[in-house]
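Colleague: next one to model:
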Amino acid sequence: MSSTGLAGKTVVVTGAGSGIGRATALAFTAEGAKVVVADIAADRAAAVVEEIEAAGGEAVAVTGDLADQAVVDQVVATAVETFGSLDVLVNNAGIMDRMSAAADTTDEEWDRVLRVNLYAPFLLTRAALPHLLATGKGAIVNTASEASLRGSAAGTVYTVSKHGVAGLTKSLAVMYRDQGVRTNAIAPGGTATNIQVDADPTAGGPATLGRYMGNVGQPAAAEEQAAAIVFLASDAASNVNGVILPVDNGWSAV
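Modeller: Residues are numbered from 1 along each chain as shown. Model prediction:
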């Protein structure tokens, strides 16, 4: 067991049924933490719980749409009732847009992406904060994006949503630092996950963005993103607060 200070802690990871979320849930349990695996797909969440338990860890699944307040309340209640506390919140669940420019963005695309990528992290953070504050040493880690650092990594609504996540991260860091809660985010670049991009190649977004996408570099493994999340939640990052950490193989440095 390492000295991250995570042993025995309760961690909520959203989007934990696959990709970065799954890797993050497994990484926390490897540190001795207990994990609430939150995902919209019940079969994927259950599979991750089984994987954790087979490795000797503790986990429980909660499924549903995290833009629904009732599901958010269930996630937080499950953490506290099952494991006795809530120490770390990882707002990782997210979806891509269609790479649409603003004029091509439909109301449905705008609403759907903002609900998952921005409303859900806010709702879950608001519900979790009383419990994180009660620990005197809570941590929140959000998954932002390369698109939170620039305007050329995704379509309009995804970019807006991830800039919102970065703003939420910084606001929380300032508002709650004196009460013992740190908030940081990772900004992944290209990562090998199952997230889907259903882009119309003739739309304004892909036509414009394509000329800026040549510096992505080698995609990260989901486990590399997970390692950064665990670090930001751990005692090793005890004085790190309000950071948007690029995990992008230097893409943001180009």
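Colleague: my guess is Asp200 meets Arg98, correct?
Modeller: Yes. Assessed by Cβ atoms under 8 Å, Asp200 is found in contact with Arg98 at 6.2 Å. Quick note: C-beta positions are derived from backbone N, CA and C, even for glycine.
Colleague: shared neighbours, those two?
Modeller: Listed contacts common to Asp200 and Arg98 are Asp104; contacts here mean Cβ atoms under 8 Å, 6 or more residues apart in numbering.
Colleague: out of those two, which sits in the more crowded spot?
Modeller: Arg98 (21 against 13; other Cβ atoms under 10 Å).
Colleague: helix/strand/coil for the more buried one?
Modeller: With DSSP: H, G, I helix; E, B strand; the rest coil as the basis, the three-state label of Arg98 is coil.
Colleague: is it true that it touches Ala203?
Modeller: Yes. Between Arg98 and Ala203 there is a contact under Cβ under 8 Å: 7.2 Å.
Colleague: list residues touching both of those two?
Modeller: Common neighbours of Arg98 and Ala203, counting by Cβ under 8 Å, 6+ apart, are Asp104.
Colleague: where does the stretch 101-250 of the chain have low pLDDT?
Modeller: 194-197, 205, 210-217 (pLDDT under 70).
Colleague: give me that answer again for 90
Modeller: 150-154, 189-220, 249-250 (pLDDT under 90).
Colleague: can you list contacts of stretch 54-65?
Modeller: Outside stretch 54-65, the residues that reach it (Cβ under 8 Å, 6+ apart) are 25-26, 29-30, 34-42, 45-46, 48-49, 52-53, 70-71, 74-75, 78, 82-83, 120.
Colleague: now the buried members of those.
Modeller: Neighbour counting by 16 or more other Cβ atoms under 10 Å classes 25-26, 29-30, 34-40, 45, 48-49, 52, 71, 74-75, 78, 83, 120 among these as buried.
Colleague: part of a strand, is Val13?
Modeller: Yes. According to three-state DSSP, Val13 belongs to a strand.
Colleague: okay, now it: neighbour count?
Modeller: 33.
Colleague: likewise for Thr106?
Modeller: Other residues close to Thr106 by other Cβ under 10 Å number 11.
Colleague: next up, the contacts around it.
Modeller: Here Thr106 is in contact with Ser100 (Cβ under 8 Å, 6+ apart).
Colleague: next one: phi and psi at it?
Modeller: phi -80, psi 160 (degrees, to the nearest 10).
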